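> Sharing a sequence plus its predicted fold:
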Amino acid sequence: MNIYKRFTTYLIENHPLTWHSKVIQLISVSILFSIISFIIGYNITDLNVLKNKNLLSYYFDSSFIFFHIIFCVIIISIWAIYFFKNNAFKNYYPLQKGYFTKLFFHIFIPILILISAYFPFTDGCYSKASTYFTEEELKSEINTINLANVFLIQDVDRYKLANRIYPKPYPIDEINFQKNENRWEKSSYSYVLKNNKTHNYTTFNPELYEEKSIQLNGDKKLFVSKKYKYIDEKKCLGKNIIYKVYSKNELDNPTANAIQNFSSISITKKSEKNFFRFYDYNEGNSNEYKSNYAPIIHNWVTNKKYNQIQNSIEGFKAICKKYEVGCNLNSKHILRFLIYKEFKNFRKPITKTYEDNYSFYNPQDEINLIESMLSHKKETIRLMASQHVYFYDKNELESVFFNLKNIHINLFSDYYLLPFLFIALFLTWLFICFEFTVIKSFLISIPIIGVLIILNSLTLIYFHHFGSEANYFLIAVNSTTLLIIGYTLIALYSKKVSKKIINVLINLTYLFSPIFIMLLVLLYNAETRKSEQINRCTGRLENVYTESVLMHPYLFFLYAIIGILLFFTLLKKWKAYEE
Amino acid sequence: MITYKEKLQIVTEHFQNGDYNLGYRKLIDCVLDTKNLSIYQEAIDLTDWKETHVPSKDILHQKVSLFISKLEKIEVESDKHPTLLEATNIVKKYGRGNFQLGEVSLKVKQGDVWGLVGENGNGKTTLLRILAKDLKYDSGEIKYSLDESDLSEYELRTKLTYIPQRTPKWYGSLKSNLKFAASHYGINGEENELMVNMMIIRFGLWSYRNHNWDELSSGYKMRFELARTFLRAPQILLLDEPLANLDVVAQQVILEDLKNLSLSISNPIGIILSSQQLFEVEKVSDKVMFLKNGKPTKLSDTNTEEGLCFMELDVNCTRDELNNAIGHKKKKKIDYNGGLYLITIDEENGFNNLLTALIKNQIDIKYVRNISQSTKRLFI
């Protein structure tokens, strides 16, 4: 205690602003709380959390957020009691240069640290998550999952052929071959053939390639290399350009080696551009999967390396066991299906998607539960529950690996900090207000602001009613703001206005100070932008939209600070204003 | 102007005459004049010892004498005494009503104590606020000749220390507030502690240094304000009714302190104070301004004949008995306001003769005062 007293005595004697703002104490408490948040995040993260929560938003789902809010309220209240005890400005003490700017940051920084416990908490969660594996292990596990994934059936509703692993050459796509002459002539038909000599596109007629068609699982199919390309981006018109149609001879025994993959969980490997970026491997969109894993799988199947397949499934089971993910797989049975196509032995799967309890030890309980939830699937489920089923909990496994992979990518989006910055800015703005304002005039300025808001809203409604596309609302708000700020400046320098009016004006100016630059930028942007339409097909900007660089969200935060800091330059003049 | 050596001599005399409290306060003034931090520390140690041990007067006298002998060896140069403030023909009109202050002119030099007196609502506070640059005026001119030139408006306000009648509440301990103020005025580090302690001692707040606002009486709150003000090393001090809510003793102490501090050798200041305590203010003020209906009024402005003597009297007798005692020749006029008699007599009969006549007639006198030269006459 003596040390603390000596410390505060030193501050009051040598750094009165630091003593007054209690910045060191507040930062210390904030940092301490951040450490506690980290520890809490670390300790409450377990496999169950990994399986069921997104760690990036776990802070908002957990009860920790309530604890944090209560803690912030208590700490800020205690701090405010001490902060408002002394006031150099109201006592006309000499103020050091940039007094209010320094005071602003003395309040802003610790409050920002205090309210941003989300980051250390989430960091704690990820630190704990990272204890479950090394980076090499994660790579290896992803590899195992991707290789085994193709051999697993996991979803009764997703019996699609879209993710089929076809034989080489890779990557390759299929087209259903159907005889329908009219169809080829329609302009809506999306397949075109590229003529290598003329570089023009001609209508692709599959019937011309009937000799290349292959009978697969009861359907006739053509195997092609194709690429989707937008021909008219404005109209969102695209075509599948066929570069080559493969004959049966050019393919590596497609009938025998076509392996069905009903997965949607495939996880990308490390690549240069996208290190562990997650996306669903679905609808055959993953070229990476086709390029990296398909050849290996094809090699196993072609060369009958059944041990490798079985090992990959066992590896998958081991991963499920490690992360305590529900998993009931029999690699031998699966192999029998692959080798002998013993559909009869391979029972229909079930996933956790359809129920929460996958312990099937009591079939009747399971039947009752599922029946109550999914009466329309009663017969299917009854069959599933009464038989030995194969499944793994796709959702849990996805959740685990989504969380684990996030450790190795940039955890926090560029904009995650922004709301915390603005909350800290608002609180600082509020506290600084009471550092200089006269309460009476502050209270008077509130209804005036209300009236101004109503007037501006009426302006908006008026022009909207007449269908005007001009930015009259922005113009009205800007005019109001600039009028108030302008009148405040004129009044301050003319010295002919009553102090009571100046007091109200200075409060109004302070209320507008964080937004007046923003409003100007918004108006400037609204008046100068050409187009902001994004082509929904391509995702590209059309008409080269020229949104001003001034519109960056972090710049808006900067505008608010600059506005407030500019306002501070008026304070001494206002304070010295005679009644 | 009194010199440092003379001030020390006065301190010695006070101690010799047994006026320990007064002597000690003046001793602290001399210590402050030295601007010597080691001397400050010795004074603080001495005070701490005095407050802790409650020594006998002889021992205290002995210690103080030793300390004075040490102070005598220090050379203290006195500053010049220039004009600090010159207000010329100040006029302030209020929109509502017909009240107008002024024209008022006054010149305040270092070491001057100005008393502003007048009935309520005659513009004393208005004038003080105008001089403190807290209130605008309509015409006239005010020139401030402070140490630093080219001061911004806010910086000028930091130099013009104005203590309003109702001082605002402050929070935290008395000492922390003083340290905070001193620190803002560039008194840092060890000097901060010493200066704050010196002011605490000077204004008799040593036992109250850790008290907060709620724990202090009105008198001590005013002392705190003065301590805080003097830490700011003011050049001009403007006080609005500093004696309000103070007991008689506290009023005298505060006024005496103000007078002594205005005569500081190292930092003489100009003081303007308003008060209803007419006699007390007149006692310490070099100049007194009486404001009537917003205008400064002199004694010569009253519609009275010259060569008269004015006497304020409270006696335990009837009016007839008083009339008889004074005698018809001496008396010019007797007024009674329900509490006091105001007796106007020829100057040649004089105050002493009148007093003799009252004693001879065995009139029981409770209070008597010659107000011939006092602005009290202007209240009547």
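Arrived safely. Numbering: from 1, shown residues only, chains lettered A, B, ... in the order given.
> which parts of the stretch 201-350 of chain B sit against chain A?
Within the stretch 201-350 of chain B, the residues that sit near chain A (C-beta under 8 Å from any C-beta of the partner chain) are B:R232. Any C-beta I mention is one placed from the backbone N, CA and C, and that applies to glycine too.
> hmm, 10 Å instead?
B:212, B:228, B:232 (C-beta under 10 Å from any C-beta of the partner chain).
> So which of these belong to strands?
Judged by DSSP state E, those include no members of strands.
> pLDDT added to those residues, as JSON lines?
Converted to JSON lines, these look like this (pLDDT from 0 to 100):
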{"residue": "B:N212", "pLDDT": "91"}
{"residue": "B:R228", "pLDDT": "92"}
{"residue": "B:R232", "pLDDT": "86"}
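> ranking those by neighbours, who comes first?
Compared across these, B:R228 has the highest neighbour count, 24 neighbours, by other C-beta atoms under 10 Å in any protein chain shown.
> show me what contacts it?
Applying C-beta atoms under 10 Å, 6 or more residues apart in numbering or on different chains, we find B:R228 in contact with A:91, A:93, B:161, B:163, B:167, B:170, B:174, B:177-178, B:180-182, B:196, B:199, B:203.
> ok, of those, which one's closest to A:C327?
A:C327 lies nearest to B:F180 out of the contacts of B:R228, by C-beta to C-beta, at 67.5 Å.
> ok, that closest one to A:I561 distance?
Here B:F180 is placed at a distance of 27 Å from A:I561 (C-beta to C-beta, to the nearest Å).
> who has more neighbours, those two?
B:F180 (26 against 20).
> What strand or helix carries that one?
Assigned by DSSP states H and E, B:F180 belongs to helix B:174-184.
> helices or strands next to that helix in the packing?
helix A:2-14, helix A:16-21, helix B:189-202, helix B:218-231 (3 or more C-beta pairs under 10 Å, 6 or more residues apart in numbering or on different chains; DSSP states H and E).
> what is the mean pLDDT for that helix?
Mean pLDDT, helix B:174-184: 94.
> and what of stretch B:100-107?
The model assigns stretch B:100-107 a mean pLDDT of 86.
> May I have that stretch as PDB, with CA atoms only?
Taking Å, rounded to 0.1, in the frame of the first residue of the first chain, the C-alpha atoms of stretch B:100-107 are listed here in PDB:
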ATOM      1  CA  GLN B 100     -26.100  49.800 -14.200                       C
ATOM      2  CA  LEU B 101     -22.700  49.400 -12.700                       C
ATOM      3  CA  GLY B 102     -20.300  52.300 -13.100                       C
ATOM      4  CA  GLU B 103     -18.600  54.200 -14.400                       C
ATOM      5  CA  VAL B 104     -16.000  52.600 -12.200                       C
ATOM      6  CA  SER B 105     -12.300  53.300 -12.300                       C
ATOM      7  CA  LEU B 106      -9.600  51.800 -10.100                       C
ATOM      8  CA  LYS B 107      -5.900  51.000 -10.100                       C
END
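> Just confirm yes or no for it near chain A.
No - Stretch B:100-107 stays clear of chain A (C-beta under 10 Å from any C-beta), getting no nearer than 13.8 Å.
> Only the buried residues of that stretch, if you could.
Within stretch B:100-107, the residues scored as buried using 16 or more other C-beta atoms under 10 Å in any protein chain shown are B:100-104, B:106.
> Looking at the contacts of B:R228, which one is closest to A:I40?
Nearest to A:I40 among the contacts of B:R228, with distances taken as C-beta to C-beta, is B:F180, at 37.7 Å.
> show me where the stretch 51-200 of chain B has helices.
B:57-72, B:124-131, B:153-159, B:174-184, B:189-202 (DSSP state H, counting those that start in this stretch).
> Would you convert the ones you listed into JSON lines that also reports distance to A:F442?
As requested, these are exported to JSON lines (distance: least, C-beta to C-beta, whole Å):
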{"stretch": "helix B:57-72", "distance to A:F442": "52"}
{"stretch": "helix B:124-131", "distance to A:F442": "23"}
{"stretch": "helix B:153-159", "distance to A:F442": "20"}
{"stretch": "helix B:174-184", "distance to A:F442": "24"}
{"stretch": "helix B:189-202", "distance to A:F442": "33"}
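> Out of those helices, which is closest to A:V245?
Among the helices of the stretch 51-200 of chain B, if distance is taken as C-beta to C-beta, the winner is helix B:153-159, at 85.1 Å.
> Check which helices and strands the closest one is in contact with.
Helix B:153-159 packs on helix A:553-575, going by 3+ C-beta pairs under 10 Å, 6+ apart.
> what about the helix it packs on and chain B, any contact?
Yes - against chain B, helix A:553-575 shows contacts by C-beta under 10 Å from any C-beta at A:571-575.
> Take these and write them to TSV, including pLDDT and neighbour count.
Conversion of the residues of helix A:553-575 next to chain B to TSV gives the following (pLDDT from 0 to 100; neighbours: other C-beta atoms under 10 Å in any protein chain shown):
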residue	pLDDT	neighbour count
A:L571	92	19
A:K572	91	20
A:K573	91	17
A:W574	92	20
A:K575	90	16
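> Which of those residues sits closest to A:S30?
A:L571 (27.0 Å).
> Tell me who's in contact with the closest one.
Counting by C-beta under 10 Å, 6+ apart, A:L571 has contacts A:89, A:95, A:99-100, A:432, A:435-436, A:506, A:510, B:154.
> That one and A:L103, how far apart?
11 Å.
> And B:L71, by the same measure?
From B:L71 to A:L103 the distance is 42 Å (C-beta to C-beta).
> B:S274 - how many residues pack around it?
Number of residues near B:S274 (other C-beta under 10 Å) recorded here: 26.
> And for A:V549?
8.
> From A:N471, how far out is it?
19 Å.
> and what of B:V368?
Going from B:V368 to A:N471 by C-beta to C-beta gives 84 Å.
> for B:N120, same thing?
When B:N120 is compared with A:N471 (using C-beta to C-beta), they lie 59 Å apart.
> neighbour-wise, which of those two wins?
Counted by other C-beta under 10 Å, B:N120 and A:N471 do not tie: A:N471 has more neighbours, with 16 against 7.
> Verify the contact between that one and A:H464 for me.
No - with contact defined as C-beta atoms under 10 Å, A:N471 does not reach A:H464; the gap is 11.6 Å.
> what about the nearest residue to A:Q310 once chain neighbours are set aside, how many neighbours?
Nearest residue to A:Q310, sequence neighbours excluded (C-beta to C-beta, 6 or more residues apart in numbering or on different chains): A:S331, at 4.7 Å. Close neighbours of A:S331, defined as other C-beta under 10 Å, add up to 19.
> Can you spell out which residues form a bridge with A:T202?
Under DSSP bridges, the beta-bridge partners of A:T202 are A:L193.
> For it, give its distance to chain B.
Distance of A:T202 to chain B, computed by C-beta to the nearest C-beta, to the nearest Å: 83 Å.
> which ones are touching that residue?
Contacts of A:T202 by C-beta under 10 Å, 6+ apart are A:192-195, A:242.
> all strands of chain B, in order?
Using DSSP E, strands in chain B cover B:83-93, B:100-109, B:113-118, B:139-144, B:160-163, B:236-240, B:270-274, B:287-292, B:295-297, B:308-315, B:331-336, B:341-346, B:365-370.
> list the contacts for the nearest residue to A:K194 once chain neighbours are set aside?
Leaving aside its chain neighbours, A:K194 sits nearest to A:I241 (5.1 Å; criterion: C-beta to C-beta, 6+ apart). Residues in contact with A:I241, defined by C-beta under 10 Å, 6+ apart, are A:190-194, A:201, A:204, A:224-229, A:231.
> count of residues packed around B:E153?
Residues near B:E153, counting by other C-beta under 10 Å: 15.
> and the stretch 1-150 of chain B, which of its residues are near chain A?
Within the stretch 1-150 of chain B, the positions adjacent to chain A are B:95, B:129-130, B:132-137 by C-beta under 10 Å from any C-beta.
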